[in-house]
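1. here is the input, now give the coordinates:
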Amino acid sequence: MKFIFADSLDYVDPAFDFIADHSPAERQPYWDDAYPHEILGYAPYDGVLVSRGIVGDHRVKGKYTASQARRFALVGVRKFLRLDKPEFTHLDIFGDCGAFTYVNEERPPYTPVEMAEFYDECGFTHGCSVDHVIFDFDPAGVGMEGGTADSKQRFEITLENADHFQREAEQMGANFTPLGVVQGWSPGSMAEAARRLVTMGYQYLAIGGMVPLKSPEIKICLEAIRATIPASTKLHILGFAKADDIGSFHGYDIASFDTTSPLIRAFKDAKQNYYLPGEGLALRYFTSIRVPQAIENPRLQRSVKKGMFRAEDLVRMEGAALGSLRAFDRGEADLEETLHNVLVYSAPLFEEKPYEDCKNSPALVHLAKRYRKTLSERPWQQCPCSICATVSVEVIIFRGSNRNKRRGIHNLAVYKNHIERLDLKRAVNRTHEISRRLCAAEC
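-> Numbers count the residues shown, from 1 in each chain. Okay, here's the model as predicted:
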């Protein structure tokens, strides 16, 4: 099973000064920054996915600047992502249309011909057909029953585009593998979409619309699809938001999936935002310690404007928290002192009150429990990755993009290892099952 990382210009500044809290004055974003595979020294994924909607153009506002979009088109995706070195050329590069960027439009803004040319000219190894997201979902839906008029229209648009896209890819002798995208409002309609795509000639299908679904619902869809298509047909899950639950999906013979979850959770999950390998095939999670910039954090600044705190006092508390964490990392401060200084600064942030006035509040008590676990186990000192080895305790501090994204990249490395362990376990289990069948036949 291949783990494909959905990139969104996720790079960091290798020269960032963590003590002074800024990048060099002469830094040029993108040019001086490092992608995950550069700062780690190896790729923490089996490939990268780039959405057309992220690149953007005059129809869809993407994340790329105009100059970045021009360079992307000029040099191609592999060179733009700096995956053109020999050690990275084996990595797959998937492309999709970024259907969520135009979800409110009546029809997708891109044609099958445009997308086929985009994938081929930019050097993608795999390209998804032009789909239109369907949000309605009925887990009990059988066959083509149910579905709103809008869902059925999006269903037909997606299949019509897939048919044109497949024929265009064949006619142009495209160098990428086309994936037909499945959209539907129920397991039955998704299975029917998959059946039609296989009839069109697709050997690789991408399952869309999975982001809002829970794991059991996704499995019902996969079961219905797998029961309809040949076993040789490959499946890719687009935007797999349940990435931590991937181990329970091995029975569905998924060839690949894309996600940003390990990186995004580093700064969007309040409790489980630092990964380490756990017992067996599990992951362990830790809570990173929030120490925001006192003079920039909106909530803290509102407290200053309301007269609840003085700016200089917040800056002092911020400095004490950071200083204690760094001293603790060096073995020069004990856990209780460090935790106290962190919580003193956390009180204005979470409760908008001085620590002594709210230290027994449920929010601070729960926070203290999670922070105590993080500090007592020192997970950043257990990790051998180049990020943790280089920046040490800074990786566990929730503060600004250069720390948070480094933590996310660390998570990618741990997650890639997690996927490899799951694949090894599956290979062992399959070998064992084959051996048992052979033994039974001989008996």
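2. quick one, helices of the stretch 151-300 of the chain?
-> Residue ranges of the helices in the stretch 151-300 of the chain, as given by DSSP state H, counting those that start in this stretch, are 187-200, 215-226, 261-268, 298-305.
3. select, out of those, the one closest to Val50.
-> helix 261-268 (14.8 Å; CB to CB). The C-beta positions use only the backbone N, C-alpha and C, and glycine is treated the same way.
4. among the helices of the stretch 151-300 of the chain, which is nearest Pro14?
-> Comparing the helices of the stretch 151-300 of the chain by their distance to Pro14 (CB to CB), the top pick is helix 261-268, with 17.2 Å.
5. any idea how this protein splits into domains?
-> According to automatic domain parsing, the chain is divided into the following domains: 2-259, 285-407.
6. show the end-to-end separation of the first one, please.
-> I take that to be domain 2-259. Here the two ends of domain 2-259 are set 11 Å apart, with distance taken as CA to CA, to the nearest Å.
7. and for the last one?
-> Its first and final residues considered, domain 285-407 spans 12 Å by CA to CA.
8. over to stretch 346-359?
-> Terminal residues of stretch 346-359 are spaced 10 Å apart (CA to CA).
9. with adjacent residues omitted, what lies nearest to the residue most central in space within the chain?
-> The central residue of the chain, meaning the one whose C-alpha is nearest the mean C-alpha position (CA atoms, centre = their mean), is Thr260 at 0.7 Å. In space, Thr260 comes closest to Ala6 once its chain neighbours are excluded; the distance is 4.7 Å by CB to CB, 6 or more residues apart in numbering.
10. out of the helices of the stretch 151-300 of the chain, flag the one nearest Val395.
-> Closest of the helices of the stretch 151-300 of the chain to Val395 is helix 261-268, at 9.4 Å (criterion: CB to CB).
11. and the closest one, how far from the chain's centre?
-> Between the mean C-alpha point of helix 261-268 and the mean C-alpha point of its chain there is a distance of 7 Å (CA atoms, centre = their mean, to the nearest Å).
12. can you count the residues close to Ser186?
-> When counting by other CB atoms under 10 Å, one arrives at 25 neighbours for Ser186.
13. that older thread, just send the domains of the chain back as a markdown table, with mean pLDDT and distance to Pro277 too.
-> As requested, those are arranged in a markdown table below (pLDDT from 0 to 100; distance: least, CB to CB, whole Å):
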| stretch | mean pLDDT | distance to Pro277 |
| --- | --- | --- |
| domain 2-259 | 95 | 13 |
| domain 285-407 | 97 | 9 |
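14. can you say which of the ones you listed is nearest to Lys268?
-> Lys268 lies closest to domain 285-407 among these, at 9.4 Å (CB to CB).
15. the helices in the stretch 1-150 of the chain, which residues?
-> When assigned using DSSP H, counting those that start in this stretch, the helices of the stretch 1-150 of the chain occupy the ranges 36-39, 52-55, 66-75, 77-80, 112-122, 149-171.
16. switch those over to TSV; also include mean neighbour count and distance to Arg196.
-> What follows is those, written out as TSV (neighbours: other CB atoms under 10 Å; distance: least, CB to CB, whole Å):
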stretch	mean neighbour count	distance to Arg196
helix 36-39	22	37
helix 52-55	23	23
helix 66-75	14	32
helix 77-80	20	29
helix 112-122	20	15
helix 149-171	19	6
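17. closest one to Asn297 among those helices?
-> For Asn297, the closest of the helices of the stretch 1-150 of the chain is helix 36-39, at 26.4 Å, according to CB to CB.
18. elements contacting that closest one?
-> Counting contacts by 3 or more CB pairs under 8 Å, 6 or more residues apart in numbering; DSSP states H and E, helix 36-39 is packed against helix 400-442.
19. rerun at 6 Å
-> Here helix 36-39 is seen to pack against no other helix or strand when contacts are counted using 3 or more CB pairs under 6 Å, 6 or more residues apart in numbering; DSSP states H and E.
20. only alpha carbons, please: show it as CSV.
-> The C-alpha trace of helix 36-39 is given here as CSV (Å, rounded to 0.1, in the frame of the first residue of the first chain):
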residue,chain,number,x,y,z
PRO,A,36,10.0,17.2,3.8
HIS,A,37,12.2,15.0,1.7
GLU,A,38,15.0,17.6,1.7
ILE,A,39,15.1,18.4,5.4
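21. ok now it, how far from the chain's centre?
-> The gap between where helix 36-39 is centred and where its chain is centred comes out at 15 Å by CA atoms, centre = their mean.
22. again with stretch 139-154
-> When C-alpha coordinates are averaged (CA atoms, centre = their mean), stretch 139-154 and its chain have centres 29 Å apart.
23. now swap in stretch 41-57 and tell me
-> Average the C-alpha atoms of stretch 41-57, do the same for its chain, and the two points are 10 Å apart (CA atoms, centre = their mean).
24. equivalent analysis for stretch 198-211, please.
-> Relative to its chain's centre, stretch 198-211 lies at 21 Å (CA atoms, centre = their mean).
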